[in-house]
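**Q** with the sequence up front, the predicted model follows.
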Amino acid sequence: MVREITEKELNEHGETADEKWIAIDGIVANVNDYLDEHPGGDDIILENCGRDATSAFEGVGHSEKAYENLRKLQIGKLKGYVRKESSVEGGSNAALYVVGLLLLVGAGVYVKKTSFKN
């Protein structure tokens, strides 16, 4: 059974704590042994210790290997975590809306031009 970790408990494991924890997508990981291995350096991890760093993690566009590493470091799940739509996913939806709007405008211009030729 996966241990449930409260936000309060997570907050107690920030940058200055002996055990440094980070939460990403509801997964709480102890990152002490990973700090020296992180390709982007330890600073960015340390800045996000003790809190939910899902937005920062997704904003960089980590690889599947990064998600695998995260799961290996998992010590529990963030209690009550509900996944929010990420900015990456939101960006994809926004792009679909723009494409749809451009198609509608293009169709309108086409209809207008062809109707004046008659």
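**A** Nice, thanks for sending it over.
**Q** can you map out the strands along the protein?
**A** In the chain, the strands defined using DSSP state E lie at 4-5, 21-24, 27-30, 74-78.
**Q** just checking: what are the partner strands of the shortest one?
**A** Going back to what we said before, that points to strand 4-5. For strand 4-5, the paired strands and their directions (DSSP bridges) are strand 74-78 (parallel).
**Q** would CSV of the strands of the chain with mean neighbour count be doable?
**A** To be clear about C-beta, it is placed using only N, CA and C from the backbone, and glycine gets the same treatment. CSV is the format used below for these (neighbours: other CB atoms under 10 Å):
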stretch, mean neighbour count
strand 4-5, 16
strand 21-24, 24
strand 27-30, 21
strand 74-78, 17
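**Q** of all those, which one is nearest Asn11?
**A** Shortest distance between Asn11 and these, using CB to CB, is found for strand 21-24: 9.2 Å.
**Q** what sits up against that closest one?
**A** Residues outside strand 21-24 that contact it (CB atoms under 8 Å, 6 or more residues apart in numbering): 5, 10, 13, 28-31, 45, 48-54, 57, 70, 75, 78, 81.
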